[in-house]
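Engineer: Return atomic coordinates for the entry below.
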Amino acid sequence: MPSSSESICCGNLQLEKEANTRGKEKRFISASSPGKILLIGGYSILEKGNIGYVVAIDKRVRSRIETIDSKEVLFELPQFIGAGSEKFKFMKACADLAKEYFGQFGNAKISSVNDEGFTFGGGRLKSGFGSSAAAVVSISAVICRHFGISDVEFIHKFSQLAHSRAQGKVGSGFDVACSTYGSIVYSRYSPKLLEENARSALEKKWDFEIRKMSLPSNLKLVVGFTRKSASTVNLLKNVNEWKKNHAQEYSVLMKKMDIENEKAIESLAKMESEMSEKGMKRFRKAFNEGRKLAKILGEKCNSPIESDEHTRLLKIAEENGAVCAKSPGAGGGDSLVAISEQDCAGRIEKAWEEKGLVIIDVKPSGEGLLWE
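Structural biologist: Okay, here's the model as predicted:
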């Protein structure tokens, strides 16, 4: 019996002819991008020249653009209720940037769905895996390909610009870079690039630095969701407000953090080929010094980067075998992460579950943007 739908795969594009469209072609372009965990570099990565290490995970946001018979751009977010959702804001920023750069943009429907684990409670609570950045990269990718552009560097810049505009021009862009390139060591672009118009910004070379780096294979991530969500934007605003009034103290603290972060990243990079107890100790010491400085920053700017409650939970992870643990990224809630050797992960998970955390099954991934 003949099928009512015939699919023809052409590279990364899918052309589908449906019986009820009387032979009229519909074009689909699909892409996905990973979520992230910023293991090293929270806050210090905001400053140009400082570095951080961000791990891509096996949770992805999958987006698709479909050519339709409409002059408008339609948005579809089946996992979220209402146009007021945060994800809609980021999706619209991508479409608005496309109109600015490419000119007229219509005849398209854009849809986006998250893998499980990005959100809880019908999208109301975020786990802190960077769903907004992953959505922006996958949506930007299908839009750019819709206009004939599949160059990854261009898509990355397009995504950075759209994400920054939607977020109010705060942040360093590490999450967008990770969702594009996978697990990386990252140093940000110059913020002044965001002040330029779309054509000027997108057609020049940006001065970010990116180096691919996978988490050593003997290490595992244990992630526990605290059942609360933090606002990265509000946390950053608190830090920036303190920075304005204490510029010198802020500068000294950021420099100290970056020094420890560089040591931790260097030790981690050597761990795969030079596994030793001495190397593990070097990594743990630098990682924990950076974490301690981030907690001090939170205390100075009256922002819960690492609350006392979270400090107790992180200590529990360490007592159960974690190499180290922290409230990753901007901190403040969402999820806690422990880095452990494989044989300790089960003990950490059990101890955190007993304290009420929801364990999320997360694995590191070396892959960034993928065409599907």
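Engineer: Could you look up the SS state of Arg199?
Structural biologist: helix (DSSP: H, G, I helix; E, B strand; the rest coil).
Engineer: In space, what's closest to it - neighbours in sequence excluded?
Structural biologist: Tyr101 (6.3 Å; CB to CB, 6 or more residues apart in numbering). (Glycine included, C-beta is placed from N, CA and C.)
Engineer: which element is the one you found on?
Structural biologist: helix 86-102 (DSSP states H and E).
Engineer: mind checking how far that helix is from the chain centre?
Structural biologist: 18 Å (CA atoms, centre = their mean, to the nearest Å).
Engineer: Which strands border the next helix or strand after it, and is each parallel or antiparallel?
Structural biologist: Counting by DSSP H and E, the next helix or strand C-terminal to helix 86-102 is strand 108-114. The pairing partners recorded for strand 108-114 under DSSP bridges are strand 52-67 (antiparallel), strand 73-76 (parallel).
Engineer: So which of those strands is nearest Gly298?
Structural biologist: Distance to Gly298, taken as CB to CB, is lowest for strand 52-67 among the strands paired with strand 108-114, at 17.2 Å.
Engineer: Quick check: buried residues in the closest one?
Structural biologist: By neighbour count with 16 or more other CB atoms under 10 Å, strand 52-67 contains the buried residues 52-57, 59-66.
Engineer: can you list the domain ranges for this protein.
Structural biologist: Domain assignment for the chain by automatic domain parsing gives 5-214+366-371, 219-360.
Engineer: got TSV for the ones you listed, with mean pLDDT too?
Structural biologist: What follows is the domains of the chain, written out as TSV (pLDDT from 0 to 100):
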stretch	mean pLDDT
domain 5-214+366-371	86
domain 219-360	93
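Engineer: contact partners of the helix holding Tyr101?
Structural biologist: 73, 75, 77, 80, 82, 105, 110, 112, 123, 131-132, 135-136, 139-140, 143-144, 147, 158-159, 161-163, 165-167, 197-199, 202 (CB atoms under 8 Å, 6 or more residues apart in numbering).
Engineer: I would like a ChimeraX command selecting only the buried ones among the residues you listed, please.
Structural biologist: A single ChimeraX command selects the buried members of these (16+ other CB under 10 Å):
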select :73,75,77,80,105,110,112,123,131,132,135,136,139,140,143,144,158,159,161,162,163,165,166,167,198,202
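Engineer: among the contacts of helix 86-102, which are in helices?
Structural biologist: 131-132, 135-136, 139-140, 143-144, 158-159, 161-163, 165-167, 198-199, 202 (DSSP state H).
Engineer: can you pull the contacts of Leu297?
Structural biologist: 43, 239, 253, 257, 303, 305.
Engineer: Out of the residues you listed, which comes closest to Val152?
Structural biologist: Once CB to CB is applied, the member of these that ends up nearest Val152 is Tyr43, at 27.8 Å.
Engineer: ok, that closest one touching Ala294?
Structural biologist: Yes - Tyr43 is within contact range of Ala294, at 6.2 Å (criterion: CB atoms under 8 Å).
Engineer: Residues in contact with both of the two, list them for me.
Structural biologist: Common neighbours of Tyr43 and Ala294 (criterion: CB under 8 Å, 6+ apart): 257, 305.
Engineer: before we move on, back to that, scan the contacts of Leu297 and report the most crowded one.
Structural biologist: Neighbour count (other CB atoms under 10 Å) singles out Tyr43 as the most crowded of the contacts of Leu297, with 30 neighbours.
Engineer: Can you give me the neighbour number for Glu367?
Structural biologist: 14.
Engineer: what about it, helix or strand, and which?
Structural biologist: Per DSSP H and E, there is no helix or strand for Glu367.
Engineer: give me every residue that touches it.
Structural biologist: Contacts for Glu367 (CB under 8 Å, 6+ apart) come out as 34, 56, 182.
Engineer: mind redoing it with 10 Å?
Structural biologist: Neighbour list for Glu367: 32-34, 56, 58, 60, 181-183 [criterion: CB atoms under 10 Å, 6 or more residues apart in numbering].
Engineer: ok, now Leu46?
Structural biologist: 52, 170-174, 188, 191, 236, 239-240, 243, 254, 330.
Engineer: quick one: it from Ser187, how far?
Structural biologist: Leu46 is 11 Å from Ser187, where distance means CB to CB, to the nearest Å.
Engineer: shared neighbours, these two?
Structural biologist: 52, 172, 174.
Engineer: is Lys326 in a bridge, and if so with what?
Structural biologist: Bridge pairing for Lys326 - DSSP bridges - gives Val337.
Engineer: Test my guess that it contacts Ala338.
Structural biologist: Yes - with contact defined as CB atoms under 10 Å, Lys326 reaches Ala338; the gap is 8.3 Å.
Engineer: if I look at those two, which residues touch both of them?
Structural biologist: 314, 317.
Engineer: re earlier: tell me which of the buried residues of strand 52-67 is nearest to Glu116?
Structural biologist: Using CB to CB, the buried residues of strand 52-67 come closest to Glu116 at Lys59, 7.5 Å.
Engineer: I figured the closest one hits Phe118, correct?
Structural biologist: Yes - counting by CB under 10 Å, Phe118 is a contact partner of Lys59 at 6.0 Å.
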